[in-house]
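> 3D model of this:
(one chain, ligands or ions: 1)
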Amino acid sequence: MVANPTRIDPAELRLPPAVAATFPPSRAAGLARLAAVDPVAYARTRNHLRGAVTRLSPYLTHGLLSVPEVVAAVGDDGKLAQELAWREFFQLVHAREGAGILRDRFRRQPRSAPDAGPRRLPRALVEGHTGVAALDAAVRALVDAGYVHNHARMWLAATACHLAGADWRAGAAWFHFHLLDGDLASNALSWQWVAGSGSAKPYLMDQANLNRFADTHQVGTFLDRPHDDLLAGPVPEALRESIGLDLPVTLPDLPPPELDPRRSALLYHPWGLDPNWRAAEDADRWLLLEPAFLARHPWSPMRLAWLLAAARSVPGLRVAVADAREVLAPRVVAADRGEAAAARHRAHPAVAHWPGPRDPLPTTFAHRWTVDAAPRSFSAFWRAVAPR
Ligand SMILES: Cc1cc2nc3c(=O)[nH]c(=O)nc-3n(C[C@H](O)[C@H](O)[C@H](O)COP(=O)(O)OP(=O)(O)OC[C@H]3O[C@@H](n4cnc5c(N)ncnc54)[C@H](O)[C@@H]3O)c2cc1C
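Numbers count the residues shown, from 1 in each chain. You can find the predicted model right below:
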């Protein structure tokens with residue numbers, strides 16, 4: 001059941017020009033960005049907000065580029081390859097643990113405010129006026145640009161969870177709504193990694209760390225305290241008031257797909273916009289947006305606009321709004337009886353519930369993991385899958 005979604009005419013969903021310029025929504029733009037990646041500069045500077053990070057994440061999240069393609073271009077043994085392996089580690093945990101990734105993986109986060117809840121965050125953080133310049137700039141980037149540097153994501157998450165005692169799930173929902181690269185696994189499991197519910201110890205930083213990597217020069221802020229105080233001291237005044245997040249559910253006003261039983265169908269999901277997937281096949285191509293998914297994990301209109309524009313990278317792809325089980329289950333039964341052509345999709349942990357034949361998700365590292373259970377930590381995963 002979708003709680004009062006807003007149905008929007010897709011033609012009215014427009015990308016802000018600045019976002020369209022920074023992250024042009026196409027595979028061609030992803031390839032151009034990949035060609036410009038400098039893995040040596042990346043390894044040296046990636047922790048700095050001005051560092052040579054790739055900004056490939058919206059393209060990787062939506063399957064416009066794959067990890068194997070990126071690894072083929074940048075090599076499989078440097079720092080960048082290892083970061084790409086983090087992505088595959090999170091996807092693998094999602095594939096093995098399913099919706100379990102949305103629950104505490106190992107333990108509860110150390111601090112929890114009395115009013116913490118899965119959709120409550122400090123007002124000052126959400127509104128970007130904490131007084132800590134690097135945090136406030138990161139919030140503006142999140143909302144206006146849909147992209148935040150990895151280090152700044154860690155700072156926002158640590159501030160929310162450790163200083164304010166907000167539930168990591170609230171932060172994950174907030175990020176997932178705004179980020180152009182919002183990805184259930186990377187997002188929820190990164191929040192858990194920072195919060196300490198999914199890692200050996202919580203991640204924490206102080207004002208000196210922000211000053212060093214964000215080029216700020218602030219002193220005396222609520223982050224300018226010893227680590228023990230940050231983790232267990234009183235909640236800073238600026239973070240005491242919390243608010244319920246307003247993350248409205250928006251859907252493009254589109255009908256379900258018209259599946260012709262005589263023709264093969266290729267079903268795409270938002271994480272698999274690969275124009276090369278079965279490109280030579282004569283088939284009907286439909287991108288399915290599922291109301292139930294978006295009701296649980298809403299996206300901003302900007303994210304939706306980006307996705308619909310990016311879908312044009314797949315020739316002949318039409319977009320539909322429908323529950324995949326409702327649409328596909330009868331088709332699978334008919335295909336099994338020889339009464340309809342196949343309707344196939346590509347595997348991804350977010351569509352594990354889709355019925356019908358599926359092609360594997362292309363991976364570089366994850367398929368080297370041969371254990372049934374998910375890896376407990378990235379280091380265990382990397383020890384098993386790193387190139388030798
Ligand atoms: C709290 C939090 C939430 C996050 N939410 C998401 C999310 O929703 N979607 C998402 O794709 N990433 C997420 N990340 C991981 C990481 O921050 C982004 O992948 C990265 O910042 C994207 O920018 P980039 O492409 O310039 O990264 P680069 O540093 O240039 O890295 C290249 C690619 O490697 C992968 N990668 C790099 N670092 C990580 C990482 N720590 N974990 C997983 N993959 C990584 C990404 O696919 C990225 O595009 C999150 C991290 C944190 C701390």
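> Any idea how far apart the tips of stretch 227-242 sit?
23 Å (C-alpha to C-alpha, to the nearest Å).
> roughly how far out does it sit from the chain middle?
Averaged C-alpha coordinates place stretch 227-242 at 28 Å from its chain's average position (C-alpha atoms, centre = their mean, to the nearest Å).
> got it, and stretch 154-165?
The answer for stretch 154-165 is 19 Å, by C-alpha atoms, centre = their mean.
> Help me see whether that stretch makes contact with the ligand, please.
Yes. Using C-beta under 6 Å from any ligand atom, stretch 154-165 reaches the ligand at 154, 157. The C-beta positions use only the backbone N, C-alpha and C, and glycine is treated the same way.
> what do you get for stretch 65-83?
Yes. Against the ligand, stretch 65-83 shows contacts by C-beta under 6 Å from any ligand atom at residue 83.
> Next, the distance between the ends of that stretch.
15 Å.
> List of residues touching it?
Contact with stretch 65-83 is made by 27, 30-31, 34-35, 37, 39-40, 42-43, 46, 54, 56, 59-60, 84, 87-88, 274, 362-365, 382, 386-387, as judged by C-beta atoms under 8 Å, 6 or more residues apart in numbering.
> the strands in the chain, which residues?
Ranges of strands within the chain are 6-8, 120-122, 242-244, 250-252, 265-268, 284-289, 317-321, 343-346, 358-359, based on DSSP state E.
> Redo those as CSV? Include mean neighbour count and mean pLDDT.
Formatted as CSV, those follow (neighbours: other C-beta atoms under 10 Å; pLDDT from 0 to 100):
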stretch, mean neighbour count, mean pLDDT
strand 6-8, 13, 93
strand 120-122, 23, 98
strand 242-244, 17, 97
strand 250-252, 20, 95
strand 265-268, 24, 98
strand 284-289, 21, 98
strand 317-321, 17, 98
strand 343-346, 22, 98
strand 358-359, 14, 98
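> hmm, back to that, could you turn the buried ones of the contacts of stretch 65-83 into a ChimeraX selection?
Restricted to buried positions by 16 or more other C-beta atoms under 10 Å, the ChimeraX selection for those reads:
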select :27,30,34,37,39,42,46,54,56,59,60,84,87,88,274,362,363,364,365
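> near the ligand, from the contacts of stretch 65-83?
Answer for the contacts of stretch 65-83 near the ligand (C-beta under 6 Å from any ligand atom): 46, 54, 56, 60, 84, 87.
> now, among these, which is nearest to residue 304?
residue 60 (18.5 Å; C-beta to C-beta).
> Test my guess that the closest one contacts residue 87.
Yes. Using C-beta atoms under 8 Å, residue 60 is in contact with residue 87, at 6.6 Å.
> quick one: is stretch 91-104 near the ligand?
No. Against the ligand, stretch 91-104 shows no contacts by C-beta under 6 Å from any ligand atom, the least distance being 9.1 Å.
> now what about that stretch, what contacts it?
Taking C-beta under 8 Å, 6+ apart as the rule, stretch 91-104 contacts 105, 169, 172, 184-186, 188-189, 192, 197-198, 348-350, 352, 361, 363, 366, 369, 372-375, 381.
> For PyMOL, write the selection for the buried entries among those residues.
Restricted to buried positions by 16+ other C-beta under 10 Å, the PyMOL selection for the contacts of stretch 91-104 reads:
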select buried, resi 105+169+172+184+185+186+188+189+192+197+198+348+349+350+361+363+366+369+374+375+381
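> What residues does the stretch 101-250 of the chain have near the ligand?
Counting by C-beta under 6 Å from any ligand atom, the stretch 101-250 of the chain sits next to the ligand at 150, 153-154, 157, 175, 179, 181-183, 186-187, 190-191, 194.
> can I get those in CSV with pLDDT?
CSV is the format used below for these (pLDDT from 0 to 100):
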residue, pLDDT
150, 98
153, 98
154, 98
157, 98
175, 98
179, 98
181, 98
182, 98
183, 98
186, 98
187, 98
190, 98
191, 98
194, 98
